[in-house]
Structure formats: structure tokens, C-alpha cells
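Q: mind folding the following:
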Amino acid sequence: MKTRDRILEASLQLFNEQGERAVTTNHIAAHLGMSPGNLYYHFRNKQQIIAELFDHYERELEDSLALPTDRGLDLDDKARYVESLSESLWRYRFLQRDLEHLLASDAQVAERYRLFSRRALQAVEGIFQGTIDAGILDARYANAEVLALNSWLLMNSWTNFLCTTVLTDPQAQLTPQMQRRAVYQVLAQELGLLSDAARPRVEAMLREYYAELPEA
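A: You can find the predicted model right below:
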């Protein structure tokens with residue numbers, strides 16, 4: 001792995017584990033066993049590292065939300081969307097947890113995030129409309145715009161909900177299972193909207209993504 005990529009991976013690990021505000025470039029360099037000067041050769045400051053990590057997150061998420069160009073959606077697509085989204089939110093969970101601070105600290109990243117968020121919301125709405133068109137959700141009751149907005153808000157606030165409301169012990173750590181519960185919450189809002197044909201598969205997804213949360 002190239003040094004630049006090692007720095008990004010180490011930064012992502014430390015930001016996720018300790019929170020971005022608790023990690024300095026010196027911490028990152030020490031974690032990698034390199035001098036701060038070597039790190040600064042690749043990145044001028046921590047903000048540049050964060051900006052590049054955001055760029056990776058943006059590209060990964062937008063790629064995972066792309067619609068098929070030659071056919072309609074099916075239940076396999078739905079399963080792929082929710083799994084990809086769950087993986088991205090876990091891999092870049094520090095972005096959700098520290099989002100307000102990160103955007104307030106860097107005007108360029110803030111503007112990029114606003115544009116990205118609007119594009120992602122449109123993509124999610126397109127996915128919901130695709131599931132309606134495919135008969136997975138009942139067109140009489142399902143509203144793609146409402147479902148997309150609710151889902152986007154839920155997925156992007158879930159990590160903060162866990163950290164501020166569920167994990168009352170300061171030593172407690174987020175787990176992938178807790179993060180995956182967000183996907184369950186998104187799928188659960190569709191229960192009353194599913195077609196009879198789609199219901200067994202989506203109910204199986206609900207069982208897969210359900211996880212008990214620690215009691216406060």
C-alpha cells in the first residue's frame with residue numbers, strides 16, 4: 001500500500017474509533033510509526049485528509065446508489081442497495097457522528113456536502129420510484145419523495161442517535177450490528193406498502209438487519 005493510502009486508512013480508523021476532534025496529525029503519524037514531516041509531505045494538514053476521505057465516501061456511496069440503465073429494479077437490487085449503504089455508513093461513521101463540526105470547520109467541504117447530499121437524495125428517490133414501478137411497493141400508497149427523505153434523514157442521523165441516546169456508558173463502542181439496525185429501521189417503514197410478492201423477501205431482510213440495542 002502506498003504511503004498516502006496508509007495515511008488515509010490509519011486516519012479513517014482513528015477518526016472512527018476516537019472521533020475526529022480527538023485525533024491530530026501527530027497521533028496519525030505515531031500510529032503509523034512515521035515522522036510528522038513524512039505525513040506532511042503527503043497531506044498539509046488534517047483538513048486535507050478529511051477532505052480526501054469525504055471524496056472517497058462520496059464516490060463510493062454514489063456508485064452504490066446508481067440505477068441499472070438497461071432494466072427495471074428487482075428485489076436483488078434492493079438487497080444490494082441496503083447492504084452497500086450499510087457498509088458505507090459503517091466504514092465512514094465518523095462523518096455522520098462529527099458531521100456538523102466537520103462542515104463548520106471547512107467551507108469547501110460544507111459546500112461539497114450540500115451538493116452531494118442533494119444528489120444522493122435524488123438517487124434514493126429514484127430507487128424508491130424504481131421499486132414502486134417494479135411492483136415491490138404498492139403505487140397506491142407509496143410516495144417515493146417522502147420515503148427517500150425519511151430514509152436519508154434516518155440513515156444520516158442514526159450514528160448520532162446511538163452515540164447520544166443509546167451508548168450512555170462513555171467506554172461503550174459502536175458495533176457494526178448497531179449500525180446495521182439503521183437499515184432495519186428504513187425497511188420497517190415499508191412494511192405497510194409492500195406487495196404480496198415482495199413481502200417474504202423483505203421480511204427476511206428485516207430479520208437479517210434487526211439487532212437489539214443496549215438499554216440505557
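
Q: center of this protein - which residue?
A: residue 89 (2.4 Å; CA atoms, centre = their mean).

Q: does that one sit in a helix, a strand or a coil?
A: Secondary structure state of residue 89, per DSSP: H, G, I helix; E, B strand; the rest coil, is helix.

Q: mind listing the helices for this structure?
A: For the chain, the helices defined by DSSP state H cover 3-18, 25-32, 36-42, 46-64, 75-91, 93-97, 99-105, 107-133, 144-161, 176-188, 199-209.

Q: let me see the contact set for the residue nearest to the centre of the chain.
A: 96, 155, 158, 159, 179, 182 (CB atoms under 8 Å, 6 or more residues apart in numbering). Quick note: C-beta positions are derived from backbone N, CA and C, even for glycine.

Q: closest to residue 61 among these?
A: Distances from residue 61 to the contacts of residue 89, taken as CB to CB, are shortest for residue 155 (10.2 Å).

Q: what subset of the contacts of residue 89 is buried?
A: 96, 155, 158, 159, 179, 182 (16 or more other CB atoms under 10 Å).

Q: excluding chain neighbours, what is closest to the second one?
A: Spelled out, that is residue 155. In space, and not counting its chain neighbours, residue 155 is closest to residue 182: 5.5 Å by CB to CB, 6 or more residues apart in numbering.

Q: check the third one too.
A: What sits nearest to residue 158 in space, not counting adjacent residues and going by CB to CB, 6+ apart, is residue 182, at 3.9 Å.

Q: so what's that neighbour up against?
A: 86, 89, 154, 155, 158.

Q: same question, residue 108
A: Residues near residue 108 by CB under 8 Å, 6+ apart: residue 51.

Q: what do you get for residue 155?
A: Residue 155 neighbours (CB under 8 Å, 6+ apart): 85, 89, 182, 186.
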